[in-house]
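A.B. asks: Sharing a model prediction with you, sequence too.
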There are 4 protein chains.
Amino acid sequence: MLKVIVWNENRHEKVNPEVSAIYPNGIHTTIADFLKEEGHQLTIATLDEEDHGLTDKVLKETDVLIWWGHKAHDEVKDHIAEKVKEHVLDGMGLIVLHSAHFSKPFIKLMGTTCDLKWRKADEKERLWVVDPSHPITEGLEKEYIELNKEEMYGEYFDIPKPDELIFISWFEGGEVFRSGATFKRGKGRIFYFRPGHETYPTYNNKEIQQVIKNAVKWAKSPGTLTPMFGKSQPLENFKSK
Amino acid sequence: MLKVIVWNENRHEKVNPEVSAIYPNGIHTTIADFLKEEGHQLTIATLDEEDHGLTDKVLKETDVLIWWGHKAHDEVKDHIAEKVKEHVLDGMGLIVLHSAHFSKPFIKLMGTTCDLKWRKADEKERLWVVDPSHPITEGLEKEYIELNKEEMYGEYFDIPKPDELIFISWFEGGEVFRSGATFKRGKGRIFYFRPGHETYPTYNNKEIQQVIKNAVKWAKSPGTLTPMFGKSQPLENFKSK
Amino acid sequence: MLKVIVWNENRHEKVNPEVSAIYPNGIHTTIADFLKEEGHQLTIATLDEEDHGLTDKVLKETDVLIWWGHKAHDEVKDHIAEKVKEHVLDGMGLIVLHSAHFSKPFIKLMGTTCDLKWRKADEKERLWVVDPSHPITEGLEKEYIELNKEEMYGEYFDIPKPDELIFISWFEGGEVFRSGATFKRGKGRIFYFRPGHETYPTYNNKEIQQVIKNAVKWAKSPGTLTPMFGKSQPLENFKSK
Amino acid sequence: MLKVIVWNENRHEKVNPEVSAIYPNGIHTTIADFLKEEGHQLTIATLDEEDHGLTDKVLKETDVLIWWGHKAHDEVKDHIAEKVKEHVLDGMGLIVLHSAHFSKPFIKLMGTTCDLKWRKADEKERLWVVDPSHPITEGLEKEYIELNKEEMYGEYFDIPKPDELIFISWFEGGEVFRSGATFKRGKGRIFYFRPGHETYPTYNNKEIQQVIKNAVKWAKSPGTLTPMFGKSQPLENFKSK
């Protein structure tokens, strides 16, 4: 049982009937629901709550934070984004979904622009597994996940070299994309997972759900050490020169 | 519960009283005993058994193989070493201990000489954790493991760049060493762990045992996919040019 | 000026008029010719020469070896393949082209099967750059190289995690492939580059030529150190315990 | 010939006679002087200049920026640090020396705290080469660089996993440190190099100078591509679904 927060911008759902038809209770609810099947303890947090629902108390107790945002990245307060970053460095897992490549916490943690190419054209995406012994692929039976309609994201994706590259996407229009990638930062474990445009039922897909379920388990830091920083006494005697 | 084989050369134990005083039933027994505490199902295999105790049947059912060898690497038959390599590529975990850096299966899997510097001088080793969120460090409470007397292994260690570098050793005589490193090969997961010279009671050390226990769990491949190779039909229609 | 050997199996050229129409003097000659433009000193070696043209003397003086092979990998003598591997570990650069993914030296150096999916269907390939500051991309002006007809190679490509991933290919039939990847082994630098099926004029393409030219410069080891291995004296005094 | 800026905080030199005795014209002058031997065009910039000497015009024309800072990191204006980061992402090389691990541009680019252990105790440091074919080691003849007295920096060093790990330091007091590491960010190439405490004559050491000379050449981005971001037209025709 892990303590998981699903954070959602939750704006498209309010204004775009196409989105609310697919996710009537918001993308966050769909994600939270399938994660509950795993026995995790789920909390929802959204942009329009006070402090975006991300108080110190809540973050401190969180094992893994999932982030979905798109059109209102700028409305996330800097000090909250900074706080999320600090909790990740301190060991909280972070799963960054789709358009959250441009979210403040992810950009701060990556140090790059996280920019990419995109196109919305009801396009087929096929995510190929390129790391078949990775726990994030557990339970998948096919070598790729196929999504009949998705937004295209194309290279160059301006991220640091991932620690592990798990999925590469093929798009009908001719592009490729590093679609599933892990990064360790401080004591925190981060997974970026590309699919999930709001006008497609991607988070209802069982294989996509499986990947996110796996990612939650993977992102929970197993580390038990607390590194000490600053001035340190020597562990060995040596002669002053 | 995992199926684990501890493979030991088991020669020093027979001829060197210094070794048999520390490991009266062989290094393999000491390792098997602390792994049994984890609930795993343990099998012992040694050099002098038929096929070195590594039949196809045994290997096929094995989740993780632990390998200790030193003075008789050459006596391991090539076809057995090749078979071990194939099982690793097919998903069997492999934990390579100390002087097994020169074992046939490890060299075949790495593709390099795996050579290094060494010195036996009752020397202090301190293994520093440099990846504090890695599951192989779980349960460790200090940032380093200190061994009062060990053999020294020094850089340059001629291995491919590890996928993950978990420990770096400091030695009293002035050297450093990449002491804990992971490598994925095929569907198999490999962990090299430096300490464990036969004349020191290293495998009785609780922190060393903890690392090996963790490594066994990590090395069990979670992959469920079986990649297909060879001639493939297209997944998309396209016009012949 | 570098000393470069282009090694070619040179069998298709002799029996398949489709190949000899494109490469009338063999694939090796085409590659050697455009490399000569860079001022390098080129040597040709082919399978049917004595020792496959790879004597100790020639290998010892070589900065970079380029390897193309396909249907006669098995005819390469084991001791020659082993020698090539040793020279790479000792600092010779190696550029592995297309179907040489299954060549003996590459498999020995990787430690994996190097298997993949394939299909010959006059299919479009688009190689996307995913490491735009890499010297192997120098001089490229577009973000991708497009080849109108090529053989398809698809993931999963059973190689160790590359040190650097430079190109990812998109194929018309729905697959992706890690098409340009670097690996350091010992003091040697290895570049695998996917395109180049014998029935297509791929090595006449100026961008493909540019990549291979860059790769030759990159693969020349700049290392000047010779690591020492074996028993070593301590660099520090310490008390025996 | 490259355009290189040496940026120095230049404060210790003004107040600490111990420092000005070693670097009478500032650390920056010492570094600039040995880089001039390579034929580069050198510019000096220091904290107390307007905009810290880092105008847009200067940065735009810079191939490689070298950064030394220690006690006044906080006085570097945020918008200047941000501008440095942007120029790195846009292709400017960055060499981060010693205590500049805590500089604003480096922290922004890494996304982590960049914290570490430290101790000033006139302690011996030995930097071991662990990547002997890397161009940054070119010209070194020994497998390590020995510095008789240096400040100690110890692990855990809170950085992302380096793209390449080139040096690991051994310290007399019992610690180790990843002392030479490369990171690509955007189109920029970054090298962190540990040694260089202000009260020791480290930058007069010929091997340290060699490494920095090599790093300047390495950090100059060879990339010629300019990735396009944002909305993109498809490269292939496909049927709307």
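C.D. replies: Received the coordinates, thanks. Residues are numbered from 1 along each chain as shown, chains lettered A, B, ... in the order given.
A.B. asks: host element of the residue most central in space within chain A?
C.D. replies: The centre of chain A sits closest to A:V96, judged by Cα atoms, centre = their mean, with a distance of 1.7 Å. Assessed by DSSP states H and E, A:V96 sits inside strand A:93-97.
A.B. asks: Over to A:E38?
C.D. replies: A:E38 belongs to no helix or strand, assigned by DSSP H and E.
A.B. asks: again, but for A:K161
C.D. replies: Using DSSP H and E, no helix or strand contains A:K161.
A.B. asks: Please list all residues in contact with it.
C.D. replies: With contacts defined as Cβ atoms under 8 Å, 6 or more residues apart in numbering or on different chains, A:K161 is in contact with C:D131, C:E164, C:L165, D:D163, D:K184. All C-beta spots, glycine's among them, are computed from the backbone N, C-alpha and C.
A.B. asks: Chain C versus A:Y156, what's the distance?
C.D. replies: 6 Å (Cβ to the nearest Cβ, to the nearest Å).
A.B. asks: who touches that residue in this structure?
C.D. replies: For A:Y156, the contacting residues are A:L116, A:K117, C:W128, C:V129, C:V130, C:P132, C:E143, D:P227, D:F229, by Cβ under 8 Å, 6+ apart.
A.B. asks: Make sure it is indeed in a strand.
C.D. replies: No. Secondary structure of A:Y156 (DSSP: H, G, I helix; E, B strand; the rest coil): coil, not part of a strand.
A.B. asks: Which positions in the longest helix belonging to chain A come out as buried?
C.D. replies: Longest helix in chain A, counting residues (DSSP state H): helix A:206-219. For helix A:206-219, burial by neighbour count (16 or more other Cβ atoms under 10 Å in any protein chain shown) applies to A:207-219.
A.B. asks: just the CA coordinates of the strand holding A:V96, formatted as PDB?
C.D. replies: Taking Å, rounded to 0.1, in the frame of the first residue of the first chain, the C-alpha atoms of strand A:93-97 are listed here in PDB:
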ATOM      1  CA  GLY A  93       8.500   9.500  -6.500                       C
ATOM      2  CA  LEU A  94       7.200  11.500  -9.500                       C
ATOM      3  CA  ILE A  95       5.300  10.300 -12.500                       C
ATOM      4  CA  VAL A  96       5.000  13.000 -15.200                       C
ATOM      5  CA  LEU A  97       2.200  12.300 -17.700                       C
END
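A.B. asks: elements contacting the helix or strand just after that strand?
C.D. replies: Downstream of strand A:93-97, the next assigned helix or strand under DSSP H and E is helix A:104-110. Using 3 or more Cβ pairs under 8 Å, 6 or more residues apart in numbering or on different chains; DSSP states H and E, the elements in contact with helix A:104-110 are helix A:78-89, strand A:93-97, strand A:176-185, strand A:188-193.
A.B. asks: Out of the ones you listed, which is the most enclosed?
C.D. replies: strand A:93-97 (a mean of 27; mean count of other Cβ atoms under 10 Å in any protein chain shown).
A.B. asks: how big is the angle separating that one from helix A:206-219?
C.D. replies: Counting by axes from the mean of the first three to the mean of the last three Cα atoms, to 10 degrees, strand A:93-97 lies at 150 degrees to helix A:206-219.
A.B. asks: what pairs with strand A:93-97, and is each one parallel or antiparallel?
C.D. replies: The strands beside strand A:93-97 in its sheet (DSSP bridges) come out as strand A:64-68 (parallel), strand A:188-193 (parallel).
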